[in-house]
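> structure, please.
(2 chains)
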Protein chains: 2
Amino acid sequence: MRVAVLCGGVGAARFLAGLLQVIEPTDVTAIVNTGDDVILHGLHISPDLDTVTYTLAGATDAERGWGLAGETWQAMEGLRRYGGVDWFNLGDRDLATHLYRTHRLSEGAGLAEVTAEIANAWGLGLQVLPVTDDPLRTMVTVVDEGEIGFQEYFVRRQHSVEVTDVRFAGADAARPGPGVLAALSVADVVVIAPSNPLVSIGPILAVPGIRHAVEEARERTVAVSPIVGGAAIKGPADRMLRELGHEASVTGVARLYAPLAATLVIDQVDADQADAVEAIGIRSVVTPTIMSESGVAAALARTVLSEGAR
Amino acid sequence: MRVAVLCGGVGAARFLAGLLQVIEPTDVTAIVNTGDDVILHGLHISPDLDTVTYTLAGATDAERGWGLAGETWQAMEGLRRYGGVDWFNLGDRDLATHLYRTHRLSEGAGLAEVTAEIANAWGLGLQVLPVTDDPLRTMVTVVDEGEIGFQEYFVRRQHSVEVTDVRFAGADAARPGPGVLAALSVADVVVIAPSNPLVSIGPILAVPGIRHAVEEARERTVAVSPIVGGAAIKGPADRMLRELGHEASVTGVARLYAPLAATLVIDQVDADQADAVEAIGIRSVVTPTIMSESGVAAALARTVLSEGAR
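Okay, here's the model as predicted:
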């Protein structure tokens, strides 16, 4: 059974980790958001690609919740001595990834090619595909500062400021990355991972051709709600949904995903909204979705596969 | 007494350290070679500027002879995991300098401005000036590979390959950096530090206007021979002089510097060549010049100042 997963960062990475307990990695393609990529200090940084890669490699720092285990911070400390831009933490080990990526891109390699090299170096067996090799930048308009880059919103402002608009710069001219449309087309099940619908899944769908391909695959597409009990497990998805005129609930998610997915997986705590979800025109499946508990990710993956392949 | 020093890397840095024991830092301007700058992994690396800065800050690793004390190598280890370009060692602490420089340049700051910021952050009191803010790249033709960048020759090939040509790409269009010509003009003494005449001092002189300014200052210019007893104290200056048709001796150095400096300081071991040097038309001064021994750098600086200000 071949599976393609539309992915943001942490939530998607955890789902993929569960999925890889259930099926062979060679049957899995992760299609990953690059809208939150940023060029900083001259380096090309791809946070969602790296979160997926590091997580599946078992290399992340469990306690901190992001970045690599055994990380050190000598470069950042030096940068602070200079009064440099230090709001985006770059660990010394993590820097290797950005140095390598930047160098390979400067040699003319595409982001997909470099991403595959990085994934191989970490021994990953699945395909990790950036949604596009072309520039795609999620721009966030915040109430007190105007339009800023996604990482400036997410990291520098710690997503604690009201958002009035989101835009995907470069999307119109971006082409789906090598393998992306093929993966959606051959997948027996397409999964929309429990990531922020607006700024993780949104940029993926904004690349011309991808939304259409997912709509075509609607009957075999299963979305997992990133909203549980009216809140995001992690990050600002709940606030952002409200601020941009959506409902921060599984029914709000259902409205966004109804054209794309035949099935929406919602958590047990939202079981009372199952009927409301179905009324929107998307089948609801109720199951535990909070993947911080052991065994949940694999069970969730099993449910998603069986529901998508009905 | 104001002093301007034309500088390469280690030899110049050691001379400057001695000079700063003798006069006030505010009276010293270091004009530093940027021909061996390199863009690697997207980062702008300025090895000679950093060697001067780190050395004068007392921050270098004495045992290793280059780079910062307390350095770690996590980024390099990561880069090797990826099979990345790893012939140019970048320590984690050192990376901060390149990240900062690259970021500031990307913001539109000039190299002189960024260099001053870095020198200030290390608490240096002298002026450290890149010879130019414009691109200047020393290109070395080696016998088995054709033309390669200076760092590829110096670090990747460990300068163990025959050189058939040296060229300073960008020199024709380069302008002297802010403050450089003024420093040469107001200096009571101009010093050509004991650096490689061909690839450390050469690129400085190749920037239009600078050779002329040094020629104008010839009577107050003192060169210190980097060749002692027919060999370079460090690096490939001796081999390179021979390979490019010069003599690897103080008389060979005298021929190169006679149009630029009224005085050449040579080491005691070369005392027997003092007459031969003077026959070339440059006054010779014999004194200890090997600065690895304590006290020699300051004494050498004192000699240079008194000879230049006669």
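> tell me where the stretch 151-300 of chain A has helices.
A:180-186, A:202-206, A:210-216, A:237-243, A:250-257, A:274-279, A:296-308 (DSSP state H, counting those that start in this stretch).
> buried residues in the fourth one, which are they?
By neighbour count, with 16 or more other CB atoms under 10 Å in any protein chain shown as the criterion, the buried positions of helix A:237-243 are A:237, A:238, A:239, A:240, A:241, A:242, A:243. C-beta coordinates here come from the backbone N, C-alpha and C atoms, glycine included.
> name the SS class of the closest residue in space to residue A:179 that isn't next to it in sequence, please.
Residue nearest to residue A:179 in three dimensions, not counting chain neighbours: residue A:129, with 5.3 Å by CB to CB, 6 or more residues apart in numbering or on different chains. When classified by DSSP: H, G, I helix; E, B strand; the rest coil, residue A:129 comes out as strand.
> so which of the helices of the stretch 151-300 of chain A is nearest residue B:146?
Ranking those by proximity to residue B:146 (CB to CB) places helix A:180-186 first, at 40.0 Å.
> that closest one packs against which elements?
In terms of contacts (3 or more CB pairs under 8 Å, 6 or more residues apart in numbering or on different chains; DSSP states H and E), helix A:180-186 is packed against strand A:28-32, strand A:127-130, helix A:210-216.
> buried sites along that helix?
Here helix A:180-186 shows A:180, A:181, A:183, A:184 as buried, counting by 16+ other CB under 10 Å.
> switch those over to a markdown table; also include pLDDT.
Shown next, in a markdown table, are the buried residues of helix A:180-186 (pLDDT from 0 to 100):
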| residue | pLDDT |
| --- | --- |
| A:180 | 98 |
| A:181 | 98 |
| A:183 | 98 |
| A:184 | 98 |
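> show me what contacts residue A:235?
A:10, A:154, A:159, A:196 (CB atoms under 8 Å, 6 or more residues apart in numbering or on different chains).
> quick one: name the residues of the stretch 51-200 of chain A near chain B.
A:71-72, A:74-79, A:81-85, A:90-97, A:99-100, A:102-104, A:106, A:117-118, A:121 (CB under 8 Å from any CB of the partner chain).
> out of the helices of the stretch 151-300 of chain A, which comes closest to residue A:64?
helix A:296-308 (19.5 Å).
> quick check: angle from the closest one to strand A:28-32?
Relative orientation of helix A:296-308 versus strand A:28-32 (axes from the mean of the first three to the mean of the last three CA atoms, to 10 degrees): 100 degrees.
> give me the mean pLDDT for helix A:296-308.
Per-residue pLDDT over helix A:296-308 has a mean of 97.
> stretch A:128-143 now?
98.
> and the closest residue to residue A:214 other than its chain neighbours, what does it touch?
Distance criterion CB to CB, 6+ apart; nearest residue to residue A:214, sequence neighbours excluded, is residue A:260 at 4.9 Å. Taking CB under 8 Å, 6+ apart, we find residue A:260 in contact with A:192, A:205, A:211, A:214, A:215, A:218, A:221, A:223.
> burial of the fifth one, as a residue count?
So that's residue A:215. Residue A:215 has 13 neighbours, counted by other CB atoms under 10 Å in any protein chain shown.
> and what of the second one?
As a burial measure, residue A:205 scores 22 neighbours (other CB under 10 Å).
> correct me, but it touches residue A:215?
No. When contacts are counted by CB atoms under 8 Å, residue A:205 is not listed as touching residue A:215 (9.6 Å).
> packing partners of the top helix by length along chain A?
Using DSSP state H, we find that the single longest helix of chain A is helix A:92-106. Counting by 3+ CB pairs under 8 Å, 6+ apart, the packing neighbours recorded for helix A:92-106 are strand A:43-45, helix A:74-81, helix A:111-121, helix B:74-81, helix B:92-106.
> the first one: how far from the chain's middle?
Pointing back at strand A:43-45 there. Relative to the centre of its chain, strand A:43-45 is centred 18 Å away, using CA atoms, centre = their mean, to the nearest Å.
> what's in contact with that strand?
Here strand A:43-45 makes contact (CB under 8 Å, 6+ apart) with A:37-39, A:88, A:90, A:95, A:98-99, A:101-102, A:105, A:151, B:41-43, B:99.
> adjacent strands (with direction) for that strand?
strand A:38-40 (antiparallel) (DSSP bridges).
> list the buried residues of the partner strand.
The neighbour-count check on strand A:38-40 (16+ other CB under 10 Å) flags A:38, A:39, A:40 as buried.
> okay, and the beta partners of the last one?
To tie it back to what came earlier, the one meant is residue A:40. Beta bridges link residue A:40 to residue A:43, judged by DSSP bridges.
> residue B:102 is in contact with that one, correct?
No. Applying CB under 8 Å as the test, residue A:40 and residue B:102 come out as separate, 9.5 Å apart.
> next, the distance between the ends of stretch A:24-41.
Stretch A:24-41 has an end-to-end distance of 38 Å (CA to CA, to the nearest Å).
> could you pull up the mean pLDDT of it?
97.
> how far away is the residue lying closest to residue A:256 once chain neighbours are set aside from residue B:140?
Leaving aside its sequence neighbours, residue A:256 sits nearest to residue A:197 (CB to CB, 6+ apart; 5.0 Å). Computed with CB to CB, to the nearest Å, the distance linking residue A:197 and residue B:140 is 55 Å.
> swap in residue A:2?
For residue A:2 relative to residue B:140 (CB to CB), the value is 52 Å.
> for residue A:139, same thing?
44 Å.
> which of these two has more residues huddled nearby?
Under the neighbour definition other CB under 10 Å, residue A:139 and residue B:140 were set side by side, and residue B:140 has more, 27 against 18.
> contacting residues for the more buried one?
B:147, B:148, B:149, B:150, B:152, B:153, B:163, B:165, B:166, B:199.
> what is the rounded mean pLDDT of the helix or strand where the first one lies?
It refers to residue B:147. In this assignment (DSSP states H and E), residue B:147 forms part of strand B:146-149. In this model, strand B:146-149 has an average pLDDT of 96.
> list the contacts of that strand.
Everything outside strand B:146-149 that qualifies as a contact, by CB under 8 Å, 6+ apart, is B:38, B:137, B:138, B:139, B:140, B:141, B:142, B:156, B:157, B:165, B:167.
> which of those sits closest to chain A?
Closest approach between the contacts of strand B:146-149 and chain A, by CB to the nearest CB: residue B:38, at 12.0 Å.
> burial of the closest residue to chain B within the stretch 201-310 of chain A, as a residue count?
Going by CB to the nearest CB, chain B is nearest to residue A:203 of the stretch 201-310 of chain A, at 23.1 Å. Other residues within reach of residue A:203, judged by other CB under 10 Å, total 31.
> list the contacts of the residue nearest to it when sequence neighbours are not counted.
For residue A:203, ignoring the flanking residues on the chain, the nearest one in space by CB to CB, 6+ apart is residue A:35 at 2.9 Å. The contact partners of residue A:35, by CB under 8 Å, 6+ apart, come to A:136, A:137, A:138, A:150, A:168, A:199, A:200, A:202, A:203, A:204, A:206.
> of these, which is the most crowded?
residue A:203 (31 neighbours).
> that one is in contact with residue A:171, isn't it?
Yes. Contact criterion CB under 8 Å: residue A:203 and residue A:171 qualify, at 7.0 Å.
> what residues are shared contacts of those two?
Joint contacts of residue A:203 and residue A:171 (CB under 8 Å, 6+ apart) are residue A:136.
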